[in-house]
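S.K.: Okay, sequence plus prediction incoming.
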Amino acid sequence: MAKLLYNLGRWSYLHKWRVIVAWLVLLGATATGAFSLMKPFTSEFAIEGTPAIEALQTMEDNFPEAGNVATAPGVNLVFAAPEGQRLDTPEYMAAMDSTVGYIRDHLGVDGERFGNPVQVNKDLQNMVVGQMTEMGMPEERANADAYQLRMLSDDARIGYTTFEFDAESSMSVDQADRDVVTEAMQIGRDAGLQVEAGGAGFGEPIAIKTTSEMVGLAVAFLVLVVTFGSLAASVIPIISAVVGVGIGALLVLVTTHWVELNDVTPVLAVMIGLAVGIDYALFILSRYRQEARHLPPEEAAGMAVGTAGSSVVFAGTTVFTALVALALARIEFLTWMGLAAAATVLIAVLVALTLVPALLGAWGSKAFAGKIPGLAGNPGPGKRPAKDLDANSMGKRWVRFVEKAPGLVMAVVVLGLGALSAPVLGLEMSLPSDSTSNHDTTQRKSADLMAEGFGPGVNAPLLLVVDAHTANPDSEILQPYMGAIPDEAGGDAEKAALASFLYTVGEIGSVNGIEHAQLIAANDDMTAAQILATPTGGPEKERTLEIAHGVRDAIGQVEDATGIQVGLTGLTAVQMDITEELANAMPLYLSIVVGLAIVLLVIVFRSIMVPLVAGLGFLLSVGAAFGVTILVFQEGLWGLVNTPAPILSFLPIFLIGVTFGLAMDYQVFLVTRMREAYLRNDGDRLRAVHESTVEGFTQGARVVTAAAIIMIAVFIAFLDQPLPFIQIFGFALGVAVLFDAFFIRMSLVPATMYLLGRASWWMPAWLDKLLPEVDIEGTELEKEHA
């Protein structure tokens with residue numbers, strides 16, 4: 001592969017304008033295709049195959065008028081009187097009438113649960129009690145059901161009303177309609193009420209800021225200037241990355257013509273593509289500068305692509321594989337996010353291998369022009385230029401320190417990162433909801449008021465759909481219920497169906513953690529029903545997940561005893577299923593990507609211990625990154641975030657995939673230089689290990705440090721995004737790169753190599769013969785040009 005890449009790099013250098021024009025034409029073509037074929041992104045997260053989603057189909061079959069309850073554009077409009085006062089005073093009644101009247105007049109919404117909460121609550125209570133007693137339910141039970149559906153708190157200080165926007169789903173609500181609600185809320189606020197809005201239909205709109213990329217590029221340019229000491233050279237990786245990310249992002253836009261993509265998909269593709277694009281170009285450019293000292297420019301370009309480019313291909317392959325493997329989670333939106341980011345990484349690799357040498361050819365002798373005095377070996381005023389930048393570099397001093405105390409360094413890294421990984425044991429995961437929104441948002445305030453007035457379970461309702469077409473009239477457990485049903489209710493099939501509804505309500509209501517369960521709807525032919533179960537906790541609580549499991553266990557017993565089919569669904573259940581699906585996929589995903597990488601590293605480095613250390617080091621760095629992220633965003637360490645909340649459900653698996661790919665980047669770039677030096681040394685093998693570690697580390701440390709700083713800057717810049725989960729992505733990835741690059745690759749790896757000595761490069765002879773030869777160091781290529 002090294003020889004093939006050498007020829008590619010040399011050809012690209014000599015045919016620079018063909019390559020540059022070809023990439024610009026491709027960029028223009030994808031831009032044209034994007035603007036002519038693209039369709040709008042969606043704000044929805046497409047999920048299929050979970051039990052809660054399957055139950056939605058049962059709901060649609062039996063209650064076609066109900067629509068998709070998981071994506072319904074519902075709004076909870078919550079009113080709260082000042083402390084010690086009541087909503088049913090004339091002044092506040094008039095304010096609420098004006099508020100809901102404004103919404104009714106401008107949006108045309110209506111319904112049994114929409115209106116002044118005080119009046120709606122009274123009418124609803126009377127209606128529920130009347131309907132339930134007519135069905136033969138005891139008045140005490142009917143009153144309990146009506147109370148559970150109350151829309152006015154016991155002290156009459158908090159009330160709410162609900163309605164739905166005229167939209168296909170909660171993610172397709174027009175901003176103009178949202179503005180109407182905001183204007184209506186101000187009417188109530190001007191009258192002295194606290195008025196807040198929440199619900200799926202009034203979620204925070206997804207907004208993306210473009211400044212993050214600009215900040216990342218600016219920091220990257222400064223780091224490149226310090227690394228190369230040249231303004232001209234510092235521009236090359238930026239151009240390369242922008243072209244690669246541009247094509248990748250435009251291809252994502254083109255894909256929307258055939259596939260409905262979430263609007264977060266291009267953000268993550270740009271974040272990752274920009275980071276690896278700059279880094280890959282940096283590695284090749286750095287190697288070119290080294291080779292150009294003793295080779296003609298076109299030969300140096302070929303050699304840089306043949307050696308560093310081989311590492312780029314391998315590193316890019318690991319990142320690509322880790323991102324594509326996200327499909328193992330079987331979560332559609334996560335799969336497309338991974339594929340989009342993987343495609344951008346692939347393009348970044350191709351651009352680095354061809355456009356970078358082409359730009360070097362175009363720059364010619366000016367490739368390292370615009371030198372900054374005092375940087376990267378450039379002489380300061382009145383000083384001579386440095387003969388060897390690596391002779392007394394900080395990297396060399398560091399690796400010599402590690403050589404003196406490898407055991408100490410290893411202990412500090414392992415114990416330190418291990419301690420930072422401890423918070424992972426308390427990891428809590430959930431999807432965004434009103435209960436986890438920032439404290440200063442109206443969505444969070446509405447959820448807090450609802451919990452205060454009606455209990456936290458009101459924000460996490462569990463909806464059960466009962467399909468009683470197959471109810472068994474001979475079921476022993478149903479006989480007492482059927483005997484209490486009057487004959488005019490129908491034949492045995494009809495009685496069995498109604499009895500199954502009542503039995504299910506009783507069984508679900510007895511589940512530990514369910515505050516109340518009640519029948520809320522039945523279809524016209526009484527063959528299906530909806531049951532509302534209210535848990536004791538909110539959607540963000542781990543206890544609510546345990547309660548949902550208890551409900552599903554009870555459902556299994558009900559189905560076995562009665563022959564009916566019961567599904568647990570609704571927004572809360574859908575989100576819980578997604579969270580569990582992602583959690584269950586993590587062990588398999590982790591074992592596949594880490595196992596595959598270790599196998600590839602064994603092939604590349606012809607060693608057993610180096611890949612094992614790489615894999616174990618990755619687990620340490622990603623564990624520590626998880627731990628710090630949990631401390632900051634879940635536990636609220638030092639008040640760094642104003643709203644601590646459970647970690648976003650799909651962050652862990654995505655963080656594992658991206659961090660793993662990037663970790664292998666640094667492993668390859670650093671250790672290949674060590675192996676190159678080791679293979680050149682024919683003397684004492686034990687001493688060769690030490691000297692090759694020092695030499696390889698010294699040659700690679702400066703560029704790996706620059707690459708890591710650039711990547712950290714690109715990721716951390718996304719903390720400026722308004723969406724909390726993008727902020728968490730940026731923070732977690734930045735911390736993960738920090739730990740992996742500086743603690744694992746530049747500290748633990750050389751320390752273990754010193755401690756292992758000759759065992760670092762040991763491999764059984766039989767395995768060495770069995771494995772294919774992969775020369776990513778370009779050793780044979782260097783011998784030809786020696």
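M.R.: Yep, it's here.

S.K.: quick one, domains of this structure?
M.R.: Here the domain parsing of the chain from automatic domain parsing is 2-40+207-431+576-785, 69-205, 462-569.

S.K.: Is residue 193 in contact with residue 79, as I believe?
M.R.: Yes. Under the criterion of Cβ atoms under 8 Å, residue 193 makes contact with residue 79 at 5.4 Å. Bear in mind the C-beta positions are built from the backbone N, C-alpha and C, glycine included.

S.K.: So for those two, which residue has more residues nearby?
M.R.: Neighbours were counted for residue 193 and for residue 79 using other Cβ atoms under 10 Å; residue 79 has more, 27 against 23.

S.K.: so the more buried one sits in a strand?
M.R.: Yes. Counting by DSSP: H, G, I helix; E, B strand; the rest coil, residue 79 falls inside a strand.

S.K.: Dig out what it forms beta bridges with.
M.R.: residue 159, residue 195 (DSSP bridges).

S.K.: That one and residue 86 touch, don't they?
M.R.: No. Using Cβ under 8 Å, residue 79 is not in contact with residue 86; the gap is 11.1 Å.

S.K.: Give the residues shared as contacts by these two.
M.R.: Listed as contacting both residue 79 and residue 86 by Cβ atoms under 8 Å, 6 or more residues apart in numbering are residue 92.

S.K.: Listing request: residues of the chain with sub-threshold pLDDT.
M.R.: Residue ranges of the chain with pLDDT under 70: 43-47, 135-136, 205-210, 374, 376-392, 488-489, 540, 682-686, 775-780, 782-786.

S.K.: Which one of the domains of the chain lies nearest to residue 59?
M.R.: Closest to residue 59 of these is domain 462-569 (Cβ to Cβ; 4.6 Å).

S.K.: how long is that closest one end to end?
M.R.: Chord length of domain 462-569, first to last residue, is 7 Å (Cα to Cα, to the nearest Å).

S.K.: now that domain: how far from the chain's centre is it?
M.R.: 36 Å (Cα atoms, centre = their mean, to the nearest Å).

S.K.: So for whichever strand or helix holds residue 52, what gets flagged as buried?
M.R.: Residue 52 is part of helix 51-62, with elements assigned from DSSP states H and E. By neighbour count on 16 or more other Cβ atoms under 10 Å, the buried set for helix 51-62 is 51, 52, 53, 55, 56, 58, 59, 62.

S.K.: Could you let me know which of the residues you listed ends up closest to residue 274?
M.R.: residue 53 (34.4 Å).

S.K.: just the angle between the longest helix seen in the chain and helix 51-62, please?
M.R.: Counting by DSSP state H, the longest helix found in the chain is helix 571-605. Inter-element angle recorded for helix 571-605 and helix 51-62: 140 degrees (by axes from the mean of the first three to the mean of the last three Cα atoms, to 10 degrees).

S.K.: Show me what helix 571-605 is packed up against.
M.R.: Applying 3 or more Cβ pairs under 8 Å, 6 or more residues apart in numbering; DSSP states H and E, one finds that helix 571-605 contacts helix 51-62, helix 297-324, strand 429-430, strand 462-467, helix 542-562, helix 609-629, helix 651-680.

S.K.: redo that, cut-off 7 Å
M.R.: helix 51-62, helix 297-324, strand 429-430, helix 542-562, helix 609-629, helix 651-680 (3 or more Cβ pairs under 7 Å, 6 or more residues apart in numbering; DSSP states H and E).

S.K.: Redo the domains of the chain as CSV? Include distance to residue 439.
M.R.: Formatted as CSV, these follow (distance: least, Cβ to Cβ, whole Å):
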stretch, distance to residue 439
domain 2-40+207-431+576-785, 5
domain 69-205, 12
domain 462-569, 13
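
S.K.: nearest to residue 450, of those?
M.R.: Closest among those, using Cβ to Cβ: domain 69-205, at 6.1 Å.

S.K.: need the contact list for the residue nearest the centre of the chain.
M.R.: Nearest residue to the geometric centre of the chain (Cα atoms, centre = their mean): residue 651, 3.7 Å. By Cβ atoms under 7 Å, 6 or more residues apart in numbering, the contact set of residue 651 is 728, 729, 732.

S.K.: Can you give me the distance of it to residue 724?
M.R.: According to Cβ to Cβ, to the nearest Å, residue 651 and residue 724 sit 11 Å apart.

S.K.: now swap in residue 422 and tell me
M.R.: 24 Å.

S.K.: out of those two, which sits in the busier spot?
M.R.: Higher neighbour count among residue 422 and residue 724: residue 724, with 18 against 13, using other Cβ under 10 Å.

S.K.: Would you mind measuring from that one to residue 644?
M.R.: Separation of residue 724 from residue 644 (Cβ to Cβ): 11 Å.

S.K.: With residue 415 instead?
M.R.: For residue 415, the distance to residue 644 - Cβ to Cβ - is 27 Å.

S.K.: Settle it for me: which of those two has more neighbours?
M.R.: Per other Cβ under 10 Å, whichever of residue 415 and residue 644 has more neighbours is residue 644, with 17 against 10.

S.K.: Leaving out chain neighbours, which residue sits closest to the more buried one?
M.R.: Closest residue to residue 644 apart from its sequence neighbours, by Cβ to Cβ, 6 or more residues apart in numbering: residue 636 at 3.4 Å.

S.K.: just checking, that neighbour touches residue 643?
M.R.: No. Applying Cβ atoms under 7 Å as the test, residue 636 and residue 643 come out as separate, 8.1 Å apart.

S.K.: for the stretch 51-200 of the chain, what spans make up the strands?
M.R.: Using DSSP state E, counting those that start in this stretch, the strands found in the stretch 51-200 of the chain span residues 74-80, 158-164, 194-198.

S.K.: to the chain's geometric centre, what's the distance from whatever helix or strand comes next after the shortest one?
M.R.: This means strand 194-198. Once the chain leaves strand 194-198, the next helix or strand it forms, by DSSP H and E, is helix 211-228. Put simply, helix 211-228 sits 25 Å off its chain's centre (Cα atoms, centre = their mean).

S.K.: what's the answer for stretch 627-643, then?
M.R.: Using Cα atoms, centre = their mean, the offset of stretch 627-643 from its chain centre is 17 Å.

S.K.: Equivalent analysis for stretch 181-193, please.
M.R.: Here stretch 181-193 is found 36 Å from its chain centre; the criterion is Cα atoms, centre = their mean.

S.K.: So which residues make contact with it?
M.R.: Stretch 181-193 has contacts (Cβ under 7 Å, 6+ apart) with 75, 79-82, 91-92, 95-96, 98-99, 102-103, 195, 197, 202.

S.K.: buried set for that stretch?
M.R.: Using 16+ other Cβ under 10 Å as the test for burial, stretch 181-193 gives 181, 184, 185, 187, 188, 193.

S.K.: Looking at those, which one is closest to residue 13?
M.R.: The closest of the buried residues of stretch 181-193 to residue 13 turns out to be residue 181 (Cβ to Cβ; 60.6 Å).

S.K.: which residues touch residue 56?
M.R.: By Cβ under 7 Å, 6+ apart, the contact set of residue 56 is 68, 70, 569.
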